[in-house]
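[1] coordinates only, no sequence provided:
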C-alpha cells in the first residue's frame, strides 16, 4: 500500500500532462485532477495510519525493489516517519487549493505537475530505507522548487532568491554525498538496517557526522547558513511557501533523527554542545531580526527559523521528552506556519498586492472573520496553551533542561521573542484607524475559511490531546535513543 503513495501523484501528473491547456474548461479540469489526486493520496495515508502498529519499533509496509544494483530501493515506515508522511499528504492539497485562483495568467499545467511530483519526492525522503536514496530524494526537490520560484514567483528579486535557495542547499548537500560515498566504500551498502548494525569508530563517526550535519544545518536552517530561507519565502508563490514551511524544512528534522542520532550516536553526543550553541545563536539572532522586519512573509520566515532552532535543541537534548517535543513542534510548525503564510501571503496579498507592514492597518474594520482566525494562529505561533506548538516547545525545553539548565533558559527566551514579533505583526495589521491607502474589500471567501478552519482544528485538537501522537511515537523514539536495531517487517 505504501507504494501507492509514491505512484498516485505521478499518475496524476501524467493525466494532467495529457489535458491541453487551451480553454477555460480544460484549465478547470487540470485543477480538478491535481487536487483530486492529492486528496486521494491523503486518504490513502490515513488508511495506512489506521493500519499502522505503533507498539513495535520495526519498519512496516516494507516494499522491496531488487532490480537496482547500486542500492537497495526499499521503502517502509516506522513510528516517526508515518507522521511526516501524513503531514506531507495533508499539506500538499492545502497548498494547491490555496493557490487555486491566482495562477490563471501562467501555465496551470506546469504548476500542478510540479507540485504532484514534489509530493512523491517528499514522501520518498521519509519512506526510503537506503542512505543513498535518501540523499537523492533529499536533493531532488531543488530543481523543481527552483523552477517554481522563477516562473511563479512574485518578487522583483525572484531570480536571486531562487539561486540562493538552489546554491545554498546544493553546496551543503555535497558534504552529505561525500559522507554517503564514504559509508558505501567501507560497507558496500547504504541500507539502513545494515548501517544500524555496524560498529563505527568514534573518529570515523565524527567525520561522517560533520558531513551530514552541514547539509542538514543548511536545510533546517541554522545560523549562518539561513539567508536563503527568508529570500525564498518572500519571492516564492504561496503554495511553494506553504510546502517550504510545512514539509521541506522537516527534511532536516527527519535526517537528524534518522541519521545523526540513529547511525552516529557517539559523534552526536560529542558534538551536542556545539549544536546547542549554534541553535541558541540562531534563535536569538533570528528573533531579533524578526522583530525589525517590514515584510510580512519575511517576518513569518524568520519566525520559522526561531521555531526550528527549538526543534534542534529538543533533538539534541539526548532525552525522550526533548525528542518527542521536537517532533511535536515540527508537526505544529508544519500546520501553523502555512496558515500564517496563507493569511499574509495569500488573503492579504491577493487583495492589496503588498506585504509591507507599514502600509497595512485597521483590517478588523472590514475583515472581522479573518482577524479572528489570524489572531488564533498568531497565538499558536507564540506557543500559548491548548495549541500543539505549546506542548512541543515545553517538552523540547524540558528535555534540554535535564541536560543543561543554562541552554534551556536561553532557549526559553524564544517565548518572549515570539510574543514580541507575533503580537506586533497582528496589532499593526489588524487595529488602528483603517489605512487611507487601502480600499474596503470583502472578508475571506468560503474557500479561504475552509482552509484556515481545517488547520485551526488540527492545531487545537492535538494541542488538547497530544497523547494521540506521543503514545504512537514513544516506542520509535525510545528505540532511536537507546539504539535498538530496527528490523524490517512486511
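    Now that the structure is in, tell me what you want to look at. Note that this is a predicted model, so its numbers are computed, not measured.
[2] SS state for residue 64?
    Under DSSP: H, G, I helix; E, B strand; the rest coil, the three-state class of residue 64 is strand.
[3] could you check how far it is from residue 11?
    22 Å (C-beta to C-beta, to the nearest Å). To be clear about C-beta, it is placed using only N, CA and C from the backbone, and glycine gets the same treatment.
[4] neighbour count: those two, which is higher?
    Neighbours were counted for residue 64 and for residue 11 using other C-beta atoms under 10 Å; residue 11 has more, 15 against 12.
[5] quick one: the strands in this structure?
    Taking DSSP state E as the test, the strands found in the chain are 60-65, 73-77.
[6] redo those strands as CSV? Include mean pLDDT.
    Listed next are these as CSV, based on pLDDT from 0 to 100:
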stretch, mean pLDDT
strand 60-65, 82
strand 73-77, 86
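[7] out of the ones you listed, deepest packed?
    Greatest average neighbour count among the strands of the chain goes to strand 73-77 (a mean of 21), per mean count of other C-beta atoms under 10 Å.
[8] and the angle from it to strand 60-65?
    Here strand 73-77 runs at an angle of 170 degrees relative to strand 60-65 (axes from the mean of the first three to the mean of the last three C-alpha atoms, to 10 degrees).
[9] which residues touch strand 73-77?
    2-3, 6, 48, 52, 59-67, 85, 124, 127-130, 133, 191, 488 (C-beta atoms under 8 Å, 6 or more residues apart in numbering).
[10] list only buried entries from the residues you listed.
    The neighbour count (16 or more other C-beta atoms under 10 Å) marks 2, 6, 48, 52, 59-63, 85, 124, 127-130, 133, 191, 488 as buried among the contacts of strand 73-77.
[11] ok so, going back, output the strands of the chain as CSV; include the columns distance to residue 469.
    As requested, the strands of the chain are exported to CSV (distance: least, C-beta to C-beta, whole Å):
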stretch, distance to residue 469
strand 60-65, 17
strand 73-77, 15
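[12] next, the contact list for residue 481, please.
    261, 318-320, 323.
[13] so how far is residue 369 from it?
    Counting by C-beta to C-beta, the gap from residue 481 to residue 369 is 44 Å.
[14] same check, this time on residue 251
    Remark: distance between residue 251 and residue 369 (C-beta to C-beta) = 35 Å.
[15] what about these two, which has more around it?
    Remark: of residue 251 and residue 369, residue 251 carries more neighbours, 23 against 12, as counted by other C-beta under 10 Å.
[16] pLDDT wise, what is the more buried one at?
    If you check residue 251, the pLDDT there is 92.
[17] with residue 67 instead?
    Looking at residue 67, its pLDDT stands at 61.
[18] same check, this time on the one 3 residues further on
    The model reports residue 70 with a pLDDT of 55.
[19] follow-up on the earlier one: which of the buried ones among the contacts of strand 73-77 fall in helices?
    2, 6, 48, 85, 124, 127, 133 (DSSP state H).
[20] adding pLDDT and distance to residue 359, write these out as JSON lines.
    What follows is those, written out as JSON lines (pLDDT from 0 to 100; distance: C-beta to C-beta, whole Å):
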{"residue": "2", "pLDDT": "83", "distance to residue 359": "48"}
{"residue": "6", "pLDDT": "88", "distance to residue 359": "44"}
{"residue": "48", "pLDDT": "92", "distance to residue 359": "46"}
{"residue": "85", "pLDDT": "94", "distance to residue 359": "40"}
{"residue": "124", "pLDDT": "92", "distance to residue 359": "42"}
{"residue": "127", "pLDDT": "92", "distance to residue 359": "44"}
{"residue": "133", "pLDDT": "91", "distance to residue 359": "47"}
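[21] from those, which two are the most distant?
    With distance counted by C-beta to C-beta, no two of these lie farther apart than 48 and 133, which are 19.8 Å apart.
[22] can you give me the buried ones in stretch 269-283?
    Those would be 271-272, 275-276, 278-280, 282-283, for stretch 269-283 by 16+ other C-beta under 10 Å.
[23] let me fix that: stretch 444-457
    Those would be 444, 448, 451-452, 454-456, for stretch 444-457 by 16+ other C-beta under 10 Å.
[24] now it: mean pLDDT?
    On average, the pLDDT along stretch 444-457 is 92.
[25] wait, residue 251 touches residue 138, no?
    Yes: using C-beta atoms under 8 Å, residue 251 is in contact with residue 138, at 5.9 Å.
[26] between the two, what contacts are shared?
    Overlap of the contact sets of residue 251 and residue 138 (by C-beta under 8 Å, 6+ apart) consists of 125, 219.
[27] with distance to residue 142 added, can I get the buried residues of stretch 444-457 in TSV?
    Listed next are the buried residues of stretch 444-457 as TSV, based on distance: C-beta to C-beta, whole Å:
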residue	distance to residue 142
444	33
448	30
451	27
452	30
454	29
455	27
456	32
